[in-house]
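**Q** Whatever this is, show me its structure:
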Amino acid sequence: MDIKRDNSSYNMLKWGIWAYFLLLIFEGALRKWFLPFLSGPLAIVRDPLALWILMVALKRGYLKLNMYVVSTFFVGIIALGTTFLLGHGNLGVSIYGARIILLQFPLIFVIGQVLDLKDVLAMGKVLVYLAIPMTVLMALQFYSPQSAWVNRGIGGDLEGAGFSGALGFYRPPGTFSFISGLTQYYSLAACFIIYFWFKQHLINRVVLILATLGFVMAIPFSISRTLLYQTVITIFFMIFAASQKAENIPKIIFGSIGFVVILLLLSSTSLLETPLEAFTARFEGATKYEGGVGGTIVDRYIGGMITSIFGSSDIPFFGYGIGIGTNAGGKILTGEITTLFYAEDEWSRIIGESGLLLGFAFILIRVVLSIDLTIKAYFKLKSGDQLPWLLISVCIILIANGQWGQITALGFTIFTTGILVATLKKSDKLS
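**A** Down below sits the predicted model:
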């Protein structure tokens with residue numbers, strides 16, 4: 001193979017992945033503010049890009065057919081067949097559902113194969129730099145009425161994009177179409193903010209300080225318990241990572257003190273007083289309804305996963321057909337944005353669409369991949385590399401039980417897992 005041409009393909013793949021990354025961050029802004037008349041096509045704009053990346057990668061040898069790619073391919077093809085034979089049989093819905101397994105999932109390993117640590121850190125810097133204006137945008141959305149331009153909904157909807165929060169305030173979506181996208185953005189940005197505090201020579205310190213302040217402020221402005229829980233998980237992973245070396249113990253102590261001081265100072269300002277009240281009201285109200293924090297974790301996450309498997313007796317053996325559990329699938333079939341069967345969590349959606357046998361097979365693949373990457377991230381941590389360990393704090397949930405039926409959540413899972421795989425490489429390969 002011609003080396004020059006191979007290098008050209010390699011660079012094209014990198015640019016394609018960068019485009020995927022930037023679209024993930026800004027496609028919501030395009031759909032709301034700048035190209036609202038293209039809101040529908042922009043919702044799936046990353047799919048043709050992913051297809052192109054996969055075609056080039058497969059042709060040039062950058063897509064390695066490991067056990068995860070091969071097994072999901074077979075599960076996806078069989079699920080596609082049963083959808084036409086026994087399920088809803090709609091071509092558009094089937095394609096939309098199949099793209100998750102056959103198009104987006106393999107992209108994880110292309111990203112991991114093509115990118116190197118330098119690329120990952122460059123993308124991480126973009127996330128850190130964006131945390132500053134993103135928090136400013138959140139503040140504007142929080143304090144502005146839903147009719148304001150900054151709160152326009154998808155397609156320029158004048159009713160606003162904010163989601164019900166507390167005390168009459170709405171959860172701001174930032175540049176995204178929904179609060180979940182903003183939550184996943186800050187969850188990923190937090191990994192790099194913490195990492196760059198370990199490696200301060202790699203980034204402008206003033207920017208890092210401002211981004212840290214922005215992230216801390218984003219938690220109350222978001223009125224999102226999910227962001228708080230994910231932040232706590234990442235902090236626990238950070239403490240464990242830092243404790244592996246004795247010289248990091250003072251950093252943990254002073255960093256914790258600094259975090260508390262910053263939080264206290266910010267909470268005393270008029271800017272954050274109202275968001276903190278709204279966040280506290282939301283947290284206390286929802287947590288009380290769910291029976292405390294323990295009830296939230298057990299019922300909302302663990303309980304939902306168990307129920308999806310053992311409570312699926314009413315679902316056909318091969319499910320209702322892939323894609324039917326998504327809002328887009330419901331809209332194609334009914335003309336309205338809805339799902340044709342209720343699935344509160346991801347595992348219920350998978351089993352509802354593909355049935356117990358195929359659904360459980362795909363769930364198992366995702367769980368095994370999550371465990372596999374966690375083990376590899378731990379060994380990288382033992383060798384002195386904290387970044388994979390911080391990234392797995394986000395990926396461990398996104399891979400195993402993330403809401404892949406939602407386009408932004410799917411995009412963040414694919415991208416975050418892909419850069420995690422890239423950081424795990426020893427000889428630029430993942431077996």
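**Q** Okay, now the unreliable bits of the stretch 251-400 of the chain?
**A** Scanning the stretch 251-400 of the chain for pLDDT under 70 picks out the ranges 287, 289-313, 336-344.
**Q** so where do the helices sit in it?
**A** 270-289, 292-295, 304-310, 327-334, 346-382, 387-401 (DSSP state H, counting those that start in this stretch).
**Q** Let me see the ranges of the strands in the protein.
**A** With strands called from DSSP state E, the chain shows them at 163-166, 169-171.
**Q** Which among those is found nearest to residue 91?
**A** strand 163-166 (32.2 Å; CB to CB). C-betas here are computed from N, CA, C, even on glycine.
**Q** May I have the strands that pair with that closest one, each with its orientation?
**A** Strand 163-166 has the following sheet partners, assigned by DSSP bridges: strand 169-171 (antiparallel).
**Q** and for the partner strand, what are the contacting residues?
**A** Applying CB atoms under 8 Å, 6 or more residues apart in numbering, the contact partners of strand 169-171 are 141-142, 146, 151, 160, 162-165, 179, 222-224, 274-275, 278.
**Q** at 7 Å what do you get?
**A** 142, 146, 160, 162-165, 179, 222-224, 278 (CB atoms under 7 Å, 6 or more residues apart in numbering).
**Q** Need the buried ones from the residues you listed selected in ChimeraX.
**A** Command for ChimeraX that selects the buried part of those, burial taken from 16 or more other CB atoms under 10 Å:
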select :142,146,160,162,165,179,222,223,224,278
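**Q** Pipe the contacts of strand 169-171 into a markdown table and attach distance to residue 194 per row.
**A** A markdown table is the format used below for those (distance: CB to CB, whole Å):
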| residue | distance to residue 194 |
| --- | --- |
| 142 | 25 |
| 146 | 34 |
| 160 | 33 |
| 162 | 29 |
| 163 | 27 |
| 164 | 31 |
| 165 | 27 |
| 179 | 22 |
| 222 | 18 |
| 223 | 23 |
| 224 | 19 |
| 278 | 26 |
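**Q** Identify, from the contacts of strand 169-171, the entry nearest to residue 39.
**A** Nearest to residue 39 among the contacts of strand 169-171: residue 160, at 14.8 Å, using CB to CB.
**Q** Read off the pLDDT value for the nearest residue to the closest one once chain neighbours are set aside.
**A** In space, and not counting its chain neighbours, residue 160 is closest to residue 146: 2.9 Å by CB to CB, 6 or more residues apart in numbering. We have a pLDDT of 90 for residue 146.
**Q** State whether residue 146 and residue 162 are indeed in contact, as I suppose.
**A** Yes - between residue 146 and residue 162 there is a contact at 5.6 Å, judged by CB atoms under 7 Å.
**Q** lowest-confidence stretch among the strands of the chain?
**A** strand 163-166 (a mean of 80).
**Q** Need the residues that contact that strand.
**A** For strand 163-166, the external contacting residues (CB under 7 Å, 6+ apart) are 170-171, 178-179, 223, 278, 281-282, 285.
**Q** do stretch 392-407 as well
**A** Contacts for stretch 392-407 (CB under 7 Å, 6+ apart): 43, 100, 180, 187-188, 191, 230, 233-234, 237, 305, 325-326, 345-347, 349, 366-367, 369-370, 373-374, 377, 409-410, 412-413, 416-417, 420.
**Q** Could you check how far that stretch is from the centre of its chain?
**A** Counting by CA atoms, centre = their mean, to the nearest Å, stretch 392-407 is centred 6 Å from the centre of its parent chain.
**Q** Show me which residues of that stretch are buried.
**A** Applying 16+ other CB under 10 Å to stretch 392-407 flags 392-407 as buried.
**Q** And for stretch 373-393?
**A** By neighbour count with 16+ other CB under 10 Å, stretch 373-393 contains the buried residues 373-374, 376-377, 380-381, 385-393.
**Q** any idea which of these is the one closest to residue 251?
**A** The nearest member of the buried residues of stretch 373-393 to residue 251, counting by CB to CB, is residue 386 at 11.6 Å.
**Q** circling back: most neighbours per residue, which of the helices of the stretch 251-400 of the chain?
**A** Most buried of those, by mean neighbour count (mean count of other CB atoms under 10 Å): helix 387-401, with a mean of 24.
**Q** The closest residue to residue 208 other than its chain neighbours - how many residues pack around it?
**A** Distances taken as CB to CB, 6+ apart put residue 196 closest to residue 208, at 5.4 Å, once the chain neighbours are dropped. Here the number of neighbours of residue 196 (other CB atoms under 10 Å) works out to 23.
**Q** The one 4 residues further on now?
**A** Neighbour count for residue 200, taken as other CB under 10 Å: 10.
**Q** Quick check: pLDDT value at it.
**A** Note on residue 200: pLDDT of 91.
**Q** what's around the nearest residue to it once chain neighbours are set aside, how many residues?
**A** Excluding its sequence neighbours, the residue lying closest to residue 200 (CB to CB, 6+ apart) is residue 208, at 6.9 Å. By other CB under 10 Å, the residues close to residue 208 number 20.
**Q** that older thread, okay if I get the contacts of strand 163-166 as TSV plus distance to residue 83?
**A** Below are the contacts of strand 163-166 laid out as TSV (distance: CB to CB, whole Å):
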residue	distance to residue 83
170	37
171	34
178	27
179	31
223	38
278	43
281	44
282	39
285	40
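**Q** re earlier: output the helices of the stretch 251-400 of the chain as a markdown table; include the columns distance to residue 252.
**A** What follows is those, written out as a markdown table (distance: least, CB to CB, whole Å):
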| stretch | distance to residue 252 |
| --- | --- |
| helix 270-289 | 25 |
| helix 292-295 | 24 |
| helix 304-310 | 32 |
| helix 327-334 | 43 |
| helix 346-382 | 15 |
| helix 387-401 | 14 |
